[in-house]
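>>> Got a predicted structure here, sequence first:
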Amino acid sequence: TKALYDAEFLFTDDFDISKPEVFFIDTINPRLAHTIEKFRKKNIEEKDNFLIVLATKSGETTETIANYQMLKDVLKENFSERDFFDRTIVITNEKSPLKEFAEEKKLDFLTIPDCIGGRFSVFSEIGILPLCATGIDIPNMLESATHMRTNALSLNEKNIALRSAAITYIHMTKRNKNIY
């Protein structure tokens, strides 16, 4: 999801408010709270200025829960707990403790089907919802992905993935050159 966002908006960590600003908070980073605090003071005046998508398949990812609390702490100066909850959408597994939390706090939520694995999640609720919130043309993105899948599965000289794999294979087996 982050890679698609970065490609669409040419993201450079410059916090340019002229484009939809999305923070992908996927690790605990002490500087991030400070950065978000500065961003909040400058750009978030009303609760409609932010949306939090709290996404973890298991509902138990420590970093995700810790970062959610950090966001709550950063935003509590200007917004009530109910405002914060009203602007939170949870995406998690049907049986996760996070879904229970969402139901208890009356948060909006979506569930991730058990059959969706991490690397395939960009085309499920967990990937599509944040992209949709930025205004990305989802039908066009899905059509392009279908086109690329068809291309990648074709056995012809225009298949870029096949050409790359063949070149890598030749370098490794015939020239003893590992490019990784």
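That came through fine. Numbering: from 1, shown residues only.
>>> Please identify the helix or strand for Ile136.
Ile136 belongs to no helix or strand when elements are defined using DSSP states H and E.
>>> That one touches Ala7, doesn't it?
No - look at Ile136 against Ala7 with C-beta atoms under 8 Å: they stay out of range, at 9.9 Å. (C-beta placed from N, C-alpha, C; glycine too.)
>>> who has more neighbours, those two?
Higher neighbour count among Ile136 and Ala7: Ile136, with 17 against 10, using other C-beta atoms under 10 Å.
>>> Got phi/psi on the residue lying closest to the more buried one once chain neighbours are set aside?
With sequence-adjacent residues excluded and distances taken as C-beta to C-beta, 6 or more residues apart in numbering, Ile136 is closest to Glu8, at 5.5 Å. Reported as degrees, to the nearest 10, the phi and psi values for Glu8 are phi -70, psi -40.
>>> going forward can the numbers begin at 600, since that is how I track them
All set: I'll call the first residue 600, so the last point we hit is now Glu607.
>>> how many neighbours does Glu607 have?
Neighbours of Glu607 (other C-beta under 10 Å): 16.
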